[in-house]
Each structure stands twice: as C-alpha cells, then as structure tokens.
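S.K.: please find the sequence and the predicted model below.
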Amino acid sequence: MRRELLDVVRVEEVGPYRLLRLKRGRVESGVPGQFFMLAPPGRLLPRPMSLCLATRSELGFLIDPVGPGTRALTAVVRGERLPVLGPLGNGFRLDVERPLLVGGGIGIAPFPYLSERLGRPPAVLGFRTKAHAEAAALVPNAKVVVEPRLVTELVDPERSVLACGPERMLRAVAALAPTAQLAWEAPMACGYGACYGCAVEIDGELRRLCVDGPVLTSHGRGLTPVMSERDAA
Amino acid sequence: MILNASGCLDALTAPEVAQSLDAFVTKTVTPLPRQGNEPVRIAETDFGMLNSIGLANPGIDRFLADTLPRLAELGVPIWASVGGFSVHDYAVLCEVLDDRDEVAVVELNVSCPNVSSPEEEVEEIVAAARAATRKTLYAKLSPAAPDVGAAAAAAARAGADGLTLVNTIRGLALDPATLEPRLAQGAGGLSGPALRPIALAAVFAAYRATELPIVGVGGVETGGHALEMIAAGASAFALGTVLFADPEAPVRVREELEREASARGFATPLAAYAAAHGGPPPTPLRRVA
C-alpha cells in the first residue's frame, strides 16, 4: 500500500468544476469507478476521488471545490506534488451489453474514463445550472438536462445502466432500472478499510463502502456489492 | 516499539501496514456484534478529526472463530482491545481470551468518549479483568479524567500491567451553513494534532503517578512527536489518525525517530525515555510487553 507523490500538471476550469491534471508516475489507472485518495495541501485527511481521465502520461480528477479539502486540491499549481493512494475499492463491471451512463452533477467525474473503456456508449447527464452543464463536454455522446428537468426522464431501463450522482438520483435510477450499477459516495478518512467512517447499509447491515463498494447495485431491494473486474481477476 | 491505535487499522484489509508495526491492536471487541452508529460518522476539523464509529465489531464469538485465526497468520503480535458496558462484560471477554495463544496482550478500552468512566469504575473493571486472565493487561485511559494521574494509579492498584494513553476526547463540529452537527450522533471523539498536547500531558502525569509502562497515543505524526512521547514517559507509542492519510507512516516515523534521537545525542530513541522529567535517566526502563 504505497502513496505516490504525483506532479501537478495544471488545474483547468470546467464551468464551476476544476479538472486537476497530475503526471501519472507509476500509478495504475484501475477499473473505472475505483477511486483514489488525494491529499490536499494543509489538510489532515485525504479526499476520495474517482478517476476522470487517464492518458499514458496523466491522470485527471474532476473536482467540485465546495469545501476546504476540495478547494485546497484545486488551488495547487505546477511544481507542487500531491500524495495519491490508489486505485482503491471495486469499480464498475464492464462486461455489460448496451450500456447507458447516467450522471448527475459532479457525479459525472468517472464518466470520461468509463466511456472510453466502454467504447463511448450513450450518456444522459443532469446538472443544477447551465454553468455546471459545461462539464458535459468531457463525456462523449451525452444528452444533457438542466434543473428543473431531471436526468431520470432520459433513463432507458432496457439498457445496462451505470450511474453516478447524488444519492437521491441514484435511488431514483435504481427504482427505474433495478439492475443498475450505482457508484455510491460516503465521507472517507482512509479509503482502505481502516477508519470505518464510510458506513453504508449494504446487504442489510452497515458496511464499509471503501471495501464493499463504491460501485453497488440494488436488484430492486437494498444495496449489494457489484463484482468488478478487479474481484474477478 | 510502534503500534497502531485501536480502531485505526484493519490488519485484514491492509496486512502490509500491520506487518510494518511491532504489534497490531485490534478494533475494540464487545460481547455482542455491533453495527456501529448511523452515518455520518467522521468529520475533519481544523486541527483534528472527529469520529463516532460506535464500536462497530463482529462480537467476541465471531472474533474468536473467524477474525483472530486470520490475524494470527500475519505473524504480528496481537493486542486484543476489548470493551463493554459493565464490569461483567470485561470479565467475560478477558476470560474467553485467556487461553488464546494468538493474543499477546489484552487492552481494556475503558475510555470510549461516549461512555463515562469514573476512576472507581476503571479500578473495578481492571480488577475484574485481572481476576479473569493471566494475560498481560493494558488499561486504555481517557484524557478527560479530571486527574489522569489518579486514574493511572487506580489502574495500577487494580493490577494493570501497563497503560495506553490516551483515547480520543469528546468534541463537536457544526456545519457552518446549517449550524447542525456534522456527525449524526452530534459529538464524537477528537483525534489528530489537536489531541497531541493533551496526550503528552496525560503520559507525563501517568509516568509520575505509577511505575507502569506506558504506550503513548494521540496525534503522533512524525518521529519528532514520537520522541516527545518517549521523553514524557512512554516506552512505546501508537499511530492513529495519521494512518488514515499515510499507510506508510509506521516505516517513515520509525526512520524519523532514529534520526531525531541521534540528532539530539541519544544512542537510541529509548535513551530519551522520561527525559522531560529531568534528572538522570530512570532505571530500569519500564518496557512495554
């Protein structure tokens, strides 16, 4: 379990969000939906972020600078280095037919990488404002709605849904498409099973999202883990 | 000697981190399984972290049948942390651990920040545990006691073999927008850098009040911090919150500690033992089990 110090390449504006680009170093990109713990300068705890972009030389993380940690992560400049731990957790299952990506707000963060890995399937994305919707440009083949319209209007339950967004959206998606894969979120201090902070009700009991998720499915009932490529390997 | 603070590492999900320690301290085990508290359970504060995990654990039966044999395979000495809600709970837990060779030390968690533990209760719990097991017994004390030295002395009187100082101290964080508590339970246990001077004061006081060896815990992030713990009277120390950010902290802190000690003219880190108390180094050194 090694943290790598990655060089900051730059931080780009994407509407109100920021795309943090780091030199990739020796870090594996992992399965889409897995996450990385990024340590913000000057803060005690790292923050969990899913990978947005992976090229041969860079890793990109789409971040909404809403709190002290995310603001510190997006205030870095070239020449700084950030400790990065990962990939962690279980990502999306990619052996799906007719995939549809369903995203809300900053929940679209893993989609550019996921879309590439799935051969650019259709995506439907919902945002709070037009400014936030600028991030849709990062996702190929995307249809976009802005509130008060909701992304659930565009969900075709016949397709294999892979979703990421706020909990209310994920629960609504699960109700429409019971086999949907849902990239869940919870506050985490460590990301590797040490802190027990990220408890979510999984299989009827409070369990660690970083160990059993973050990608879950509902099968029309409570949440249950998804067996990802990493587990199968 | 470097340990983890109980509840700050799962040796089964991060075996290599546990193997970088001199001993692994389990998450506190209770008689019955506990799911723990409803989320949100953690919050970062300006100088620390709050948690209200709520002693989530599989319960002693599953711990003995499933967890402990798997932990033993890691080849690291195991300290079993136990907790309960009555003196009887502690006695029962110690009794069932007594003949388990996998367990090197039993640490009594008598200091969960959400359970009050007055001095009399500490003494009673330690005495009951002492009667129930021949294992080496450590009492993990709270820094919130009005007189930590008196609590340490009470644990010593009751038959503890050592002390772990400290557990977290209760704190509260509010969401600046809603002014509601950030943790679902309201208050939680404060750890990290904010706890460091509090832990240091507790170790200092307990060293003066008892002859017991002390494991110093609370905000240790660097070798320099560890050296201060040793100087205050700890002969071992544990890493807690720092492990969340840096799983390689045990390796790093161990190297830093050697350097920091040597830079101050100490032949080994433990040569700085009790240096904060003045006078010649006390002999013999109270070694941790």
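M.R.: Received it, and whenever you're ready, just let me know what you need. Values in this document were obtained by computation on a predicted structure and should not be read as measured data. Numbers count the residues shown, from 1 in each chain, chains lettered A, B, ... in the order given.
S.K.: contact residues of the stretch 51-200 of chain B facing chain A?
M.R.: Listed as neighbours of chain A in the stretch 51-200 of chain B under the rule Cβ under 8 Å from any Cβ of the partner chain: B:Asn51, B:Ile53, B:Ala56, B:Gly192, B:Pro193. Heads up, the C-betas are built off the backbone N, CA and C, glycines and all.
S.K.: you'd agree the last one is up against B:Phe47?
M.R.: Same thing as B:Pro193. Yes - B:Pro193 lies in contact with B:Phe47 (Cβ atoms under 8 Å); the separation is 5.1 Å.
S.K.: most distant residue from the centre of chain A?
M.R.: Among residues of chain A, the one most distant from the C-alpha centroid is A:Gly79; the distance is 26.1 Å, by Cα atoms, centre = their mean.
S.K.: check contacts around the residue nearest to that residue when sequence neighbours are not counted.
M.R.: Leaving aside its chain neighbours, A:Gly79 sits nearest to A:Val8 (7.0 Å; criterion: Cβ to Cβ, 6 or more residues apart in numbering or on different chains). Residues near A:Val8 by Cβ atoms under 8 Å, 6 or more residues apart in numbering or on different chains: A:Leu20, A:Arg21, A:Leu22, A:Lys23, A:Val76, A:Val77, A:Arg78, A:Gly79, A:Glu80, A:Arg81, A:Leu82.
S.K.: you'd agree A:Val8 is in a strand?
M.R.: Yes - applying DSSP: H, G, I helix; E, B strand; the rest coil, one finds A:Val8 inside a strand.
S.K.: report pLDDT for it.
M.R.: Listed pLDDT for A:Val8 reads 98.
S.K.: I'd like the distance between it and B:Gly218.
M.R.: As for A:Val8, its distance to B:Gly218 is 33 Å (criterion: Cβ to Cβ, to the nearest Å).
S.K.: residue ranges with poor pLDDT in chain B?
M.R.: Low-confidence segments of chain B, defined by pLDDT under 70: B:112-120, B:280-284.
S.K.: now the helices for it?
M.R.: Here chain B has its helices, by DSSP state H, at B:15-18, B:60-62, B:68-72, B:87-97, B:119-132, B:148-157, B:196-209, B:223-232, B:241-245, B:249-263.
S.K.: and if you look at chain A?
M.R.: For chain A, applying DSSP H gives helices covering A:68-74, A:111-117, A:167-176, A:209-212, A:229-232.
S.K.: the ones you listed: which one's closest to chain B?
M.R.: Distance to chain B, taken as Cβ to the nearest Cβ, is lowest for helix A:209-212 among the helices of chain A, at 6.0 Å.
S.K.: same for the closest one, what does it pack against?
M.R.: Judged by 3 or more Cβ pairs under 8 Å, 6 or more residues apart in numbering or on different chains; DSSP states H and E, helix A:209-212 is in contact with strand A:199-202.
S.K.: pull the CA atoms of the strand it packs on into CSV?
M.R.: C-alpha atoms of strand A:199-202 as CSV (Å, rounded to 0.1, in the frame of the first residue of the first chain):
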residue,chain,number,x,y,z
ALA,A,199,-20.5,3.0,6.5
VAL,A,200,-23.4,2.5,4.1
GLU,A,201,-26.2,-0.1,4.6
ILE,A,202,-25.1,-2.9,2.3
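S.K.: what does that strand rub up against?
M.R.: In contact with strand A:199-202 (Cβ under 8 Å, 6+ apart) are residues A:184, A:186, A:206-209, A:212-213, A:216, A:222-225, B:35-36, B:38-39, B:41, B:53, B:56.
S.K.: got a list of contacts for stretch B:248-258?
M.R.: Identification of contacts with stretch B:248-258 by Cβ under 8 Å, 6+ apart yields A:1-3, B:2, B:4, B:17, B:20-21, B:220-224, B:226-227, B:239, B:242-243, B:246, B:269.
S.K.: go with 10 Å
M.R.: A:1-3, A:83, A:85, B:2-4, B:9, B:16-22, B:220-227, B:229-230, B:237-243, B:246, B:260, B:266, B:268-270, B:272 (Cβ atoms under 10 Å, 6 or more residues apart in numbering or on different chains).
S.K.: by mean pLDDT, flag the weakest helix or strand of chain A.
M.R.: Lowest by mean pLDDT, DSSP states H and E among the helices and strands of chain A is helix A:229-232, with a mean of 50.
S.K.: get me the contact residues on chain A for chain B.
M.R.: Residues of chain A found near chain B (Cβ under 10 Å from any Cβ of the partner chain) are A:1-3, A:37, A:39-40, A:43-47, A:67-69, A:83, A:85, A:186-201, A:204-211.
S.K.: in strands, which of those residues appear?
M.R.: A:Met37, A:Arg47, A:Pro83, A:Leu85, A:Ala199, A:Val200, A:Glu201, A:Glu205, A:Leu206, A:Arg207, A:Arg208 (DSSP state E).
S.K.: which of those residues are buried?
M.R.: For these, a neighbour count by 16 or more other Cβ atoms under 10 Å in any protein chain shown gives the buried set as A:Met37, A:Arg47, A:Pro83, A:Leu85, A:Ala199, A:Val200, A:Leu206, A:Arg207, A:Arg208.
S.K.: of all those residues, which two lie farthest apart?
M.R.: The two members of these with the most space between them (Cβ to Cβ) are A:Pro83 and A:Leu206, at 28.8 Å.
S.K.: picking that back up, mark which of the residues of the stretch 51-200 of chain B next to chain A are buried, thanks.
M.R.: Among these, those classed as buried by 16+ other Cβ under 10 Å are B:Asn51, B:Ile53, B:Ala56, B:Gly192, B:Pro193.
S.K.: so the fourth one sits right up against B:Leu243, yeah?
M.R.: No - checked against Cβ atoms under 10 Å, the pair B:Gly192 and B:Leu243 is beyond contact range at 11.2 Å.
S.K.: which residues are in contact with both of the two?
M.R.: With Cβ under 10 Å, 6+ apart as the test, B:Gly192 and B:Leu243 both reach A:Ala189.
S.K.: mind checking the helices of chain A for the one nearest to A:Phe92?
M.R.: Nearest to A:Phe92, of all the helices of chain A, is helix A:111-117, at 6.3 Å by Cβ to Cβ.
S.K.: which helices and strands does that closest one pack with?
M.R.: Packing contacts for helix A:111-117, counted by 3 or more Cβ pairs under 10 Å, 6 or more residues apart in numbering or on different chains; DSSP states H and E, involve strand A:47-50, strand A:53-54, strand A:58-63, strand A:99-104, strand A:123-127, strand A:160-164.
S.K.: give me the buried stretch members for it, please.
M.R.: The neighbour-count criterion (16+ other Cβ under 10 Å) identifies A:Phe111, A:Pro112, A:Tyr113, A:Leu114, A:Ser115, A:Arg117 as the buried residues of helix A:111-117.
S.K.: reformat the helices and strands packed on helix A:111-117 as TSV; add mean pLDDT and distance to B:Thr67.
M.R.: As requested, the helices and strands packed on helix A:111-117 are arranged in TSV below (pLDDT from 0 to 100; distance: least, Cβ to Cβ, whole Å):
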stretch	mean pLDDT	distance to B:Thr67
strand A:47-50	98	26
strand A:53-54	97	36
strand A:58-63	98	35
strand A:99-104	98	38
strand A:123-127	98	42
strand A:160-164	98	33
